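K.L.:
3D, please:
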Amino acid sequence: MNYTKAKAIVEALIFASPDPISPKRIAELTGLAPSTAESLVKDIQEKYKRDKSGIQVVFVAGGYEMTTRPEVAEYVAKLNVGVRQGLSRPALETLAIIAYKQPITRPELESIRGVRVDSVLNTLLERRLIRVSGRKKAPGRPALYSTTPVFLQWFGLSSLDDLPPLTDLSSSSLPNILGSN
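P.N.:
Numbers count the residues shown, from 1 in each chain. Down below sits the predicted model:
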């Protein structure tokens, strides 16, 4: 397969994939070496940058996906009004705690937040932002909660290493984590 065709196929795979597509998966689907797939993705990223396109290819949650550039976000937001429901402040606070303290149990979350989190956990589970990642070796074997690749995708993170560093995850620091006062 020639370079132009390979590049077009890789671009189409990134565009058509419902979730971020990994370089390994691109290689499996195309028969290309993973390093060649990575090189083609880099070329595609450069093409969008060079053309000053409103679209970009980004690496999130272990794979590549097409997204709109931040500078056109206000226009795209008008198109998507009401499409993606946001999270409540309690859900965001709980999600932030899980992201930084994972794996964590419900009682540990409730101890940090100072309120019950059953309903919030159900919402986060339904949206696939968190998952039960195991059981704690403690009386009652409580469920341990961790974030998912959907969480990474939702927040545009490549990995948990992209989270801003925290020295203290206390209730008073939660507004800072969430970017509000």
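K.L.:
Look through this structure and tell me its longest helix.
P.N.:
helix 34-50 (DSSP state H).
K.L.:
pLDDT on that helix, on average?
P.N.:
Average pLDDT, helix 34-50: 92.
K.L.:
Of all the residues in that helix, which ones are buried?
P.N.:
36-41, 44-45, 48 (16 or more other C-beta atoms under 10 Å). (Glycine included, C-beta is placed from N, CA and C.)
K.L.:
And for stretch 126-144?
P.N.:
Using 16+ other C-beta under 10 Å as the test for burial, stretch 126-144 gives 127, 129-131, 143-144.
K.L.:
now those residues in a markdown table, with distance to Tyr75 and secondary structure?
P.N.:
Shown next, in a markdown table, are these (distance: C-beta to C-beta, whole Å; DSSP: H, G, I helix; E, B strand; the rest coil):
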| residue | distance to Tyr75 | secondary structure |
| --- | --- | --- |
| Arg127 | 26 | coil |
| Leu129 | 27 | coil |
| Ile130 | 32 | strand |
| Arg131 | 34 | strand |
| Ala143 | 42 | strand |
| Leu144 | 41 | strand |
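K.L.:
min pLDDT across these, which one?
P.N.:
pLDDT across the buried residues of stretch 126-144 is lowest for Arg127, at 86.
K.L.:
Now that one: closest residue in space, sequence neighbours ignored.
P.N.:
Val150 (7.3 Å; C-beta to C-beta, 6 or more residues apart in numbering).
K.L.:
Angles on the backbone of the residue nearest to Ser22 when sequence neighbours are not counted, please.
P.N.:
Leaving aside its sequence neighbours, Ser22 sits nearest to Gly63 (C-beta to C-beta, 6+ apart; 4.3 Å). Here is the backbone geometry of Gly63 (degrees, to the nearest 10): phi -160, psi 180.
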